[in-house]
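In: Model the following, please.
(chains A and B)
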Amino acid sequence: MICCVRTPHPSLLAAWLQTPAWRGRPLVLGGLAHDRGGVRAVSAEARAQGVVEGMSLNQAQQFAPDAIFEPVDQEATARVRQSFLATLHRFTPDLAAAPDPGCAFLRLDRLTLRWPDRARLLAAITRTIDEVIGMAPVLGVACSMFVSDVAAKHATPGTPVVVEPDQTRAYLARFPIDTLPLDDDLREYLELLGVRTIGRLQAISRPAFRRQFGIKALDVYDLAMGTDRRRLQRFRPPVRIEASEPLEPPVDNTQALQFIARALAEQVSGSLLAQGLGTRAVRIMLNQESAPVLTVEVRYAYPVTTAAELFDGVRPRLLRASIIAPLERITLRAGRLEPAYIRQPGLLIRRDGFQESIADAVARLQEEYGSLMVQRAEVRSDAAPLPDHRILWKPA
Amino acid sequence: MPDRLQQAITVLQSRFGSAAPRPAAPPCAARPSGIAEIDALTGIGGWPVGRLSLLAGPRGCGKRTLAQRSLATASREGPVAYVDFPSRLDPEFLSRIDARLDHLLVVRPNSLRDGMASIRVLARAGVDLIGIDLPRARAAGLDAELPHLLHRVAEADCTLLLIHDAEADDAIRYYASLILSFQRSAWVFSRDGDLKGLQVDAAVVKNRLAPPGHKQRWIVPYPIP
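Out: Residues are numbered from 1 along each chain as shown, chains lettered A, B, ... in the order given. Sure, this is the predicted structure:
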């Protein structure tokens, strides 16, 4: 069984989290009222006044003159969506993010041992999402993504709609054909034929439907019968952890830069700690004013988590970086993430527990001191009898 | 050591702690140098593992030749490194004495600090033997670096060979577990008058692992193979 979890658009949630007073009022996101541009997201109250996504902002202002018009906060939106998906990922890794940013699908089949009672599981999902994003989601449970999505759209917060597999056809039969992802031609054909509900479409046999509308339209027919052949594309938690800070006004003071880098290292460390991870590589990206972005890589012999360890690696690279213009932004991105617990067994042995491969050590030295720091020698027997010709030095 | 003696020492150690009798030379693993005379001279059968050994003496007395032979021997067993401050390593000589050059990493640092940092990293990564060719002119600040370095080397069971072109400084003298001093004593000629080699006198100036004071004569063959 697949559970569809639906929330309002994450940019709306982000706006509500930032300004709780906007809840219950018509809110239009995409820009200020007289800006050029389109509507990105609308609250239910604004929608009731006729505003829809994609409409120009000027037009939206005519429909809803008393609505609040705000630009979309991209960073906050991404954060809300990420925490929404990460929260669901804690229930099961069988999680797919839908193209609609406020929607996700969970496969419930492997949760029966942990959650034998499905109602309690759905209640737990609702409660947890509500705690994280401040809005209870609507849930629909069915045997396919399409049916669960339809069910979720007709559910209310706290009252999930569950469609058992043997009731799928009967459940879908009542909905208009617009529920299906139809193109304009197919919709027009079906309306001409008098097929206005999914139930009427289900009455047509599959070979007859194929003869009439072609093989491509069979996907729509299968959806109408409750069969969704789309595969659940798994959501994977982020493999990088990043912290970034815009610098306004631009900074050219090394001391200030170190101070900011230390704060970013603490942010990255907090995220790593929360997820029980350590990083073996941190990339520092320095956006220079009217100069190319400077990227510096820091490698660690073992997965580090604490801010002090991170900063110990970052600081010398930062001081050595060839910065030629004041910095507008500094970003720390942690890569090569590994579970932090792998450090623990090492405590039982004599060393400090970390064994770095020689290749990694050489790469780290070359990255820090240049490619000619560690070399290998090769003797070429076929070369001229001069030392410079006979011996080939190359970076290890 | 007989079991009864060992038991008695254990009882004394538990009763008197650090005041109890202890072996004059702690047991220490050794890595062969590739030259039987030198192995005999060290008293433990080679270079001590996890410690610093110093090859001291004036120019042209065979220190680097000995270090390169030791590298060649160790390279047949595992990874080795050579920190070449003066850029004098001769890979061709190494290949002639059957060193595995694919096991050899040559580090050419710009400063003493960079060199010491790379030794720490390589020792931790599992390099068995690291030769350090450090002229006296570039050894300033070594006394501050050696404690950190030796701690890491001891943890990693790595052998350090330091080649120094003069009598050791106080810091090196203190931290080295084994100091061999080399002096060239005579040229060796064959009966027909051809130069056969260089006779070098090696003496153990300091040895924490076996009785010091031994001397050994060693011939560096010419031409070097």
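In: near chain A, which residues of chain B?
Out: Within reach of chain A by Cβ under 8 Å from any Cβ of the partner chain, chain B has these residues: B:79, B:89, B:91-92, B:94-95, B:101-102, B:104-110, B:114, B:117-118, B:121-122, B:124-127, B:155-156. Just so you know, the C-beta spots here come from the backbone N, C-alpha and C atoms, and that holds for glycine as well.
In: Quick one, which of those residues are buried?
Out: Listed as buried from these are B:79, B:89, B:91, B:94-95, B:101, B:104-109, B:114, B:117-118, B:121-122, B:124-127, B:156; burial here means 16 or more other Cβ atoms under 10 Å in any protein chain shown.
In: quick one: which of those sit in strands?
Out: Counted as lying in strands by DSSP state E, out of those, are B:104-107.
In: okay, these in JSON lines with pLDDT next?
Out: Putting these into JSON lines (pLDDT from 0 to 100) gives the following:
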{"residue": "B:Leu104", "pLDDT": "92"}
{"residue": "B:Leu105", "pLDDT": "93"}
{"residue": "B:Val106", "pLDDT": "94"}
{"residue": "B:Val107", "pLDDT": "94"}
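In: How is chain A partitioned into domains?
Out: Domain assignment of chain A by automatic domain parsing yields the ranges A:1-163, A:169-224, A:241-356, A:361-396.
In: for chain B, what spans make up the strands?
Out: For chain B, the strands defined by DSSP E occupy B:30-31, B:47-48, B:52-56, B:80-84, B:104-107, B:129-134, B:159-164, B:178-189, B:195-207, B:215-221.
In: Adding distance to A:Ile391, write the ones you listed out as a markdown table.
Out: Output for the strands of chain B, formatted as a markdown table (distance: least, Cβ to Cβ, whole Å):
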| stretch | distance to A:Ile391 |
| --- | --- |
| strand B:30-31 | 26 |
| strand B:47-48 | 26 |
| strand B:52-56 | 24 |
| strand B:80-84 | 13 |
| strand B:104-107 | 11 |
| strand B:129-134 | 17 |
| strand B:159-164 | 20 |
| strand B:178-189 | 26 |
| strand B:195-207 | 24 |
| strand B:215-221 | 22 |
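In: To A:Gln267, which of those strands lies closest?
Out: Proximity to A:Gln267 (Cβ to Cβ) singles out strand B:104-107 among those, at 35.8 Å.
In: which outside residues touch that closest one?
Out: By Cβ atoms under 8 Å, 6 or more residues apart in numbering or on different chains, the residues outside strand B:104-107 that reach it are A:358, A:362, A:365, A:373-377, A:393, A:396, B:71, B:75, B:79-84, B:89, B:91, B:94, B:115, B:118-119, B:122, B:127.
In: Same question for stretch B:33-48.
Out: Against stretch B:33-48 from outside (Cβ under 8 Å, 6+ apart): B:25, B:28-32, B:53, B:66, B:69-70, B:72-73, B:129, B:159, B:161, B:177-178, B:180, B:202, B:204, B:207, B:209-211, B:214-218.
In: got the buried residues for it?
Out: For stretch B:33-48, a neighbour-count test (16+ other Cβ under 10 Å) marks B:33-35, B:38-39, B:41-48 as buried.
In: Same check on stretch A:8-20?
Out: For stretch A:8-20, burial by neighbour count (16+ other Cβ under 10 Å) applies to A:8-17.
In: Likewise for stretch A:132-142?
Out: Residues A:133, A:135-142 are the ones in stretch A:132-142 that count as buried (16+ other Cβ under 10 Å).
In: same check, this time on stretch A:206-225
Out: Applying a neighbour-count criterion of 16+ other Cβ under 10 Å, one finds A:209, A:213, A:217, A:220-225 buried in stretch A:206-225.
In: quick one: which two of the ones in strands among the buried ones among the residues of chain B next to chain A are the most distant?
Out: Maximum pairwise distance among these (Cβ to Cβ): 10.4 Å, between B:Leu104 and B:Val107.
In: Was I right to think B:Gln216 contacts B:Val200?
Out: No. Counting by Cβ atoms under 8 Å, B:Gln216 stays clear of B:Val200, with 9.2 Å between them.
In: who has more neighbours, those two?
Out: Between B:Gln216 and B:Val200, B:Val200 has the larger neighbour count (other Cβ atoms under 10 Å in any protein chain shown), namely 23 against 18.
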